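[1] Build me a model:
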Amino acid sequence: MNAMSLLLFKVTLLCYLATTCAYLTHVASGRSVAEKIGRWLMRGTFALHCLTLAVRFFEAGYTPVANLHESLSFFAWCITGIFLLLDLRYGLAVLGAFLSPLALLLMVVGNVVAQQVTELSPLLDSWWFPIHVGLAFLGNAVFAVAFIAGIMYLLQERMLKSKRLSTLFFRLPSLDTLDNLNYRCLTWGFPLMTMGIVSGAAWAYSAWGSYWRWDPKEVWALISWFVYAALLHGRLAIGWRGRRAAILAIVGFLCLLFTFLGVNLLLSGLHSFETLSGR
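    Numbers count the residues shown, from 1 in each chain. Alright, predicted model coming up:
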């Protein structure tokens, strides 16, 4: 029944693989033609991924983020879309060399878990569903970029301090550019994350008459929110920059990953995937 969306998903996965190879070739060789190929492949892959999600939507009849396969695909799509927007502003091909493997990894994992269309739980059958998950995933995608910027910052700083300059050093942006990118992602991601939590609370009230139920995912989402709130406060009020900001961006994203995957798969609660098979 969902054969078309699965075929498109696999083709999209192969396109992510080709995009990753092109960007990594650019970083390794410095060839501008590889950068151009990678950029156009990323744009084409994103367009194909849009089609994949649209077909999945019409097959399933709901926003396709109801199980692990769909959520991983949607997350990869969000990361790619955010990268393409940032690429228009910063033009950082090396960012694609880090983000395309992350999107590829999400797609690969999504390819090995159960992929069938499942019946939507009555709890999710609400107009709040696409609003809440859309805001949450977009915020996570922006923070994924901040996570990558933080890793690149630490790599760049380490090579500068050790005076061991590899090929990667000459491809990475300056420390100031990476720190600025980290800050921009924080100012975009934090409002999205906050609106995602608020919309989830409003949805919970409409469904259960309570804004907060201390579900494990709610608790970890709140922990992640406090990490980013502390980072934003530190930047605005104390002047945190550089290494400390990069480390907190990495820690915050790891908390988000646990909120997204760890809580769903390891802890029972209202937000958990019922099984890895998607039933």
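[2] who's sitting farthest from the centroid in the chain?
    Distance from the C-alpha centroid of the chain, by C-alpha atoms, centre = their mean, peaks at residue 163 (32.6 Å).
[3] Let's see the pLDDT reported for it.
    The predicted structure scores residue 163 at 77 on the pLDDT scale.
[4] State the distance from it to residue 169.
    Remark: distance between residue 163 and residue 169 (C-beta to C-beta, to the nearest Å) = 10 Å. Every residue, glycine included, has its C-beta placed from N, CA and C.
[5] Surely residue 83 touches residue 98?
    No. Residue 83 is beyond contact range of residue 98, at 9.5 Å (criterion: C-beta atoms under 8 Å).
[6] Mind jotting down where the helices sit in the stretch 1-150 of the chain?
    3-29, 32-60, 68-90, 93-112, 128-162 (DSSP state H, counting those that start in this stretch).
[7] Could I have the CA atoms of the shortest one written out in CSV?
    The reference is to helix 93-112. Written as CSV, here are the backbone C-alpha positions of helix 93-112 (Å, rounded to 0.1, in the frame of the first residue of the first chain):
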residue,chain,number,x,y,z
ALA,A,93,30.2,24.1,1.7
VAL,A,94,32.1,22.5,4.5
LEU,A,95,28.9,22.7,6.6
GLY,A,96,27.3,20.4,4.0
ALA,A,97,30.1,18.0,4.5
PHE,A,98,29.1,17.6,8.1
LEU,A,99,25.4,17.9,7.9
SER,A,100,24.8,15.6,4.8
PRO,A,101,26.3,12.6,6.7
LEU,A,102,24.1,13.3,9.6
ALA,A,103,21.0,13.4,7.3
LEU,A,104,22.3,10.2,5.6
LEU,A,105,22.7,8.4,8.9
LEU,A,106,19.1,9.3,9.9
MET,A,107,17.9,8.0,6.5
VAL,A,108,19.9,4.8,6.9
VAL,A,109,18.5,4.1,10.3
GLY,A,110,15.0,4.9,9.0
ASN,A,111,15.6,2.3,6.2
VAL,A,112,16.3,-0.5,8.6
